[in-house]
Every structure is written in structure tokens, then in C-alpha cells.
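Next input, structure requested:
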Amino acid sequence: MSEMALRAEIVAVAQAIDKAGFCPSKSGNVSARFEGGLLITPSGLPYAQTKPEDLIHLSLDGTVLSGARKPSSEWPFHVEIYQARPDAQAIVHTHSPRATALSSARRGIPAFHYMIALCGGSDVRCAEYATFGTPELAKSAVTALEGRKAVLLANHGVIALGQTLAGAHTIVAEVENLAGQYLDLLASGLEPVILGEAEMERVSAKFSGYGKVG
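Here you go, the predicted structure:
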């Protein structure tokens, strides 16, 4: 994929999550690996106004290689995740309402539904709280993402990883869907029936037969 095509796809994903209501008050960010570093959305620019040329090219140590704007304030966890996870080619971060509400109770999402397997394991963990944009948050996210493709950030939002931007986008949307279902179930007073590890392994194996899912 050419640089301009990749830039355009990053902007398209950012605008899609914004339109879905996942990025209130210009929150959230999107990145993809590029030339040994990454391209990331800028800080403080409404996604509806963002153009491919507004993206910032960073090295994996956070150095700005090109771009006239400041990178997203969350660039530290993008850099840290790419360093720790060679499998991650794209990252989507949102403040989607239901997942953020659940994260504010500092609860993850257990395997009450088999679609949890899309997120890379038998649950979606909630990372320990740290102030946004800090190295501490980056380390907390990386720790909670071990063996996973998605994580809730306590009192904050969601991070999803993908082998493609489309894959990361799919996962972050599914996390919001699952969080909403789980909250509704808890609100009903019913006790969720959690699927066991063996069943989740079977589901993961079946997913692998459907082709790449993120």
C-alpha cells in the first residue's frame, strides 16, 4: 500500500469511529505502522476536518519525522504497543460510551458471549488506571494486552490492535457492542453464564478457519 493510500485509510477509520459516536470531544486516535515507525492522527483536530496530510510520521521512539501538527497526546502507548507487539500493524483507540462506562467501574468483559474470542482470548481485561498520555498508561496498556487484541483502559476507553486497520476497527466496534450487552445483562440482575476456556479455544479455532479477523 502506498503512503497516501495508508494515510487515507487512517483518516477514513478515524472519521468512521467519530461518526459512530466513539470519539466525543475529539477523543480517540488511530495509527498504523509505516516505514519502521508509524503514522498517527493529530492532536486536537476534529476528525471531520482531518486530511491525510495532517497525519504525523513518528519513529518508534516517538521522534517526529514529518508533519506540521502535534501527534495525538496518546502517542506514547501507540509507540509502546508497536515495540512490544510485532503482530500489531494498526491501533484504534476510542472513548466509546458503553465500554468507557464499564471501564469506569474498572471491570473487564468476561466470556459471556463467544464473540469475545475476536478480541484475542477468553476475556477483555481492564488495564490499571494511569493518567492519559503518560508512559505509565502505555506500560499498563501493554501489560493488559498480553495475549489479547483489545483492552479497556480504566476510567478512559478502549484500545484495539489489528493486523490491518479494518481489523482493528472491527475489534473496537465489537468491544463496544459486547460492553453494551454485558452492562444490560448486569442491569437486568441476571447472572452471566461464562463460557469456559475449552469452549473459547474451540471458538478461536473456528474463527481461524474464517480467514483473518483482525
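
Please tell me I have it right and P71 contacts G37.
No. Counting by CB atoms under 8 Å, G37 is not a contact partner of P71; they are 11.0 Å apart. Any C-beta I mention is one placed from the backbone N, CA and C, and that applies to glycine too.

then the lowest-mean-pLDDT helix or strand in the chain to CSV, C-alphas only?
When each helix and strand of the chain is scored by mean pLDDT, DSSP states H and E, helix 197-208 comes last, with a mean of 92. Extracted in CSV, the C-alpha atoms of helix 197-208 (Å, rounded to 0.1, in the frame of the first residue of the first chain):
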residue,chain,number,x,y,z
GLU,A,197,-11.6,-21.9,28.5
ALA,A,198,-12.1,-25.1,26.4
GLU,A,199,-15.1,-23.6,24.6
MET,A,200,-13.3,-20.4,23.9
GLU,A,201,-10.4,-22.3,22.5
ARG,A,202,-12.8,-24.1,20.2
VAL,A,203,-14.4,-20.8,19.1
SER,A,204,-10.9,-19.3,18.4
ALA,A,205,-10.0,-22.3,16.3
LYS,A,206,-13.2,-21.9,14.3
PHE,A,207,-12.6,-18.2,13.8
SER,A,208,-9.2,-19.0,12.4
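
Find the residues that touch each one of P71 and G37.
Common neighbours of P71 and G37 (criterion: CB atoms under 8 Å, 6 or more residues apart in numbering): L58.

In this structure, which helix is the longest?
helix 165-188 (DSSP state H).

what about the strands in this protein?
29-34, 37-40, 56-58, 64-66, 90-94, 109-110, 123-124, 126-127, 150-153, 157-162 (DSSP state E).

Of all those strands, which one is nearest A144?
Each of the strands of the chain has some distance to A144 by CB to CB; the shortest is strand 126-127, at 3.7 Å.

as a whole number, average confidence for the closest one?
For strand 126-127, mean pLDDT rounds to 98.

That one pairs with which strands?
strand 150-153 (parallel) (DSSP bridges).

in this protein, which ranges drop under the pLDDT threshold?
Counting by pLDDT under 70, the chain shows low-confidence ranges at 209-214.

change it to 90
Within the chain, the stretches with pLDDT under 90 are 1, 25-26, 207-214.

hang on, L195 packs against A111?
Yes. The criterion here is CB under 8 Å, and L195 meets it with A111 at 4.3 Å.
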